[in-house]
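sequence unknown, structure follows:
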Ligand SMILES: [Zn+2]
Ligand SMILES: [Zn+2]
């Protein structure tokens, strides 16, 4: 496989780098780590920005099923930086290039890879999950995963390309058409991206359900036609008042059984219900099949980001997709554990680490 080939021709590097190493549940240590080996097809990236993702939190909390992580490991899969060195066979980029990565590396030869569903690759490598990632000064990745940033894209924005790419894969399945009425549940980073993508798909009306006032304000700035506090009002009545006569798509971005049930309830006839929010693996929901039948609903979910990284980057660079308004702040590696362990801190917005 790719890593084995790469490892065969390692460049010797004596230096050490600062990194955040995950040793197990609630055990993250800032320490000096060996520089990653750079194989012939590898690109060594000096990390400038690495997003803190819900997946990192799940791993830190020791949740089984979140990702296949074998400690000790360097997490962080949403990152951008500068090319510091390239292996002898690398053609895709040069030293000094500003780049970001798609962390999910597919083998290209297994059944799923050869049938157009590479995200179900039987030999998938995940930078920041199955192999070391971007919560360190440097990370070496296969050149196939490297994407050059546009001139107007900052490192922080480049780090947001991966979550944006995941949202693009999701919205592609939502059947949003010009004139559609779309309801997004949850105004976190994902919900705020989804509401913009729904508009870009041509939705005539987009509503956001979100209890936190500050998030609703950001959503209005990003183009939400109506923002509803679902804890204080009758959501369906509010939607009706706002002219939502036939909700075509509901995008759930919270990941709780109650909000998924709410999505099914709000959905109009023939609607798509996208369950985008990640639930815990053992979670179940109560569904009335009659309701699905009566409305001919399509219940869907979306898994990672196959073939969407480039489109996400182009959208970001064009200025049409705002990935900056949901960033709360950029901090050093030392702050990472505090962010991972504090839901209250994370509720403020997206955190970026600059190692
Ligand atoms: Zn992520
Ligand atoms: Zn494969």
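That came through fine. Computed from a predicted model, the values in this text were never measured in an experiment. Ligands and ions are numbered 1, 2, ... in the order given.

report pLDDT for residue 3.
Confidence at residue 3, expressed as pLDDT, is 43.

tell me which element the residue of the stretch 251-355 of the chain found nearest ligand 2 falls in.
Of all residues in the stretch 251-355 of the chain, residue 306 sits closest to ligand 2, at 11.4 Å by C-beta to the ion. (C-beta placed from N, C-alpha, C; glycine too.) For residue 306, there is no helix or strand it lies in under DSSP states H and E.

can you get me a residue count around it?
20 (other C-beta atoms under 10 Å).

tell me how far the residue nearest to residue 122 when sequence neighbours are not counted lies from residue 121.
Spatial nearest neighbour of residue 122, chain neighbours left out: residue 110 (4.2 Å); criterion: C-beta to C-beta, 6 or more residues apart in numbering. Look at residue 110 and residue 121: by C-beta to C-beta, to the nearest Å, they are 6 Å apart.

again, but for residue 49
As judged by C-beta to C-beta, residue 49 and residue 121 stand 27 Å apart.

of these two, who's got more company?
Higher neighbour count among residue 49 and residue 121: residue 49, with 23 against 19, using other C-beta under 10 Å.

let me see the backbone angles for that one.
Note on residue 49: backbone dihedrals following degrees, to the nearest 10 are phi -150, psi 130.

hmm, residue 161 and it touching each other?
No: using C-beta atoms under 8 Å, residue 49 makes no contact with residue 161, being 10.7 Å away.

any residues in contact with both of those two?
Each of residue 80 lies in contact with both residue 49 and residue 161 under the rule C-beta atoms under 8 Å, 6 or more residues apart in numbering.

for the residue of the stretch 251-355 of the chain closest to ligand 2, which non-adjacent residue is closest in space?
Spatially, and ignoring its direct neighbours in sequence, residue 306 is nearest to residue 119 (4.0 Å; C-beta to C-beta, 6+ apart).

for residue 160, same thing?
Nearest non-adjacent residue to residue 160, counting by C-beta to C-beta, 6+ apart: residue 323, 3.8 Å away.

output the contacting helices and strands for whichever strand or helix holds residue 169.
For residue 169, the host element (DSSP H and E) is helix 161-172. Counting contacts by 3 or more C-beta pairs under 8 Å, 6 or more residues apart in numbering; DSSP states H and E, helix 161-172 is packed against strand 78-86, strand 98-101, helix 189-200, helix 309-318.

tell me, how many neighbours does residue 317 end up with?
17.

residues contacting it?
Residues in contact with residue 317 (C-beta under 8 Å, 6+ apart) are 149, 150, 151, 152, 153.

do that again at 10 Å, thanks
Taking C-beta atoms under 10 Å, 6 or more residues apart in numbering, we find residue 317 in contact with 149, 150, 151, 152, 153, 157, 158, 161.

not counting sequence-adjacent ones, nearest residue to the residue of the chain found nearest ligand 1?
Closest contact between the chain and ligand 1, by C-beta to the ion, is at residue 53 (3.0 Å). Distances taken as C-beta to C-beta, 6+ apart place residue 78 nearest to residue 53, at 5.7 Å, with adjacent residues excluded.
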